[in-house]
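K.L.:
Got a predicted model here, sequence first, then my questions.
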Amino acid sequence: MWKHPLTWVGLFLLIALVAVWDYSPEDLLRAPPETQARFPQAFMIASETRRYDPEGQLQYRMLSARADHFQHLPNRSSPRDYSLIQAPDVTVFGEDALPWQLTARLGRSDATGETLVFTGDVRAWQQNANGITDITTPELQVEPNRQFAQTDKAVTMRSPQGRHDAVGMRADLAEDHIELLSEVRGTYEPPQGN
């Protein structure tokens, strides 16, 4: 009796029918409700974070209006923990380069703090002898310990020498190296000689 394949298919269909008997199609398609509201495990107001390299040189400084830390498991840390940062303002200091400023309306940090994702009016700029290099994008992933930033979103870069629009960017902030990845269009105006 159990050796025939149709017997197994029929048994499986019977079990499936019994399992969903009490559910309407709307119940099966509806997303599960949140079991509880998410409240931060901890929060900071008007915070300042500094990171130094092994030689004691300041790598970056981050200011924020408020930071809320959410812990996935109530009694211990986990890789799913995260922090939401309101109005992050990061200054990245390179060894031989001028500092970069990065700001946004909101930031999200992973559990380790190694990666920050800035969203909403993201701006990165650097003041140098020729003027300001200013980069805007809707989203920017920042790795402050590596002094690195990247995005796959639209980017606009303005400087005294012109304007460039692109999709995607990688920036080594410590080395002042910026790579625009695709669909790059721009204007360049060479500096005027005296």
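P.N.:
Looks like it came in fine. Numbering: from 1, shown residues only.

K.L.:
from here on, contacts and neighbour counts on C-alpha atoms
P.N.:
Will do.

K.L.:
Contacts only, for the residue nearest in space to the middle of the chain.
P.N.:
Closest residue to the average C-alpha location of the chain: Val117 at 1.5 Å, with C-alpha atoms, centre = their mean. Listed by C-alpha atoms under 8 Å, 6 or more residues apart in numbering, the contact set of Val117 reads Gly107, Arg108, Ser109, Glu139, Leu140, Gln141, Val142.

K.L.:
now do Met62
P.N.:
Met62 touches Glu48, Thr49, Arg50, Pro88, Asp89, Val90, Thr91, counting by C-alpha under 8 Å, 6+ apart.

K.L.:
Lowest-scoring secondary structure element of this structure by mean pLDDT?
P.N.:
When the helices and strands of the chain are scored by mean pLDDT, DSSP states H and E, helix 25-29 comes last with a mean of 54.

K.L.:
before we move on, back to that, now for the contacts of Val117, which pair is the farthest apart?
P.N.:
Greatest spacing in the contacts of Val117, by C-alpha to C-alpha: Ser109 and Glu139 (13.4 Å).

K.L.:
still on that earlier bit, out of the contacts of Met62, flag the one nearest to Asn75.
P.N.:
Taking those together and measuring to Asn75 by C-alpha to C-alpha, the closest member is Thr49, at 24.7 Å.
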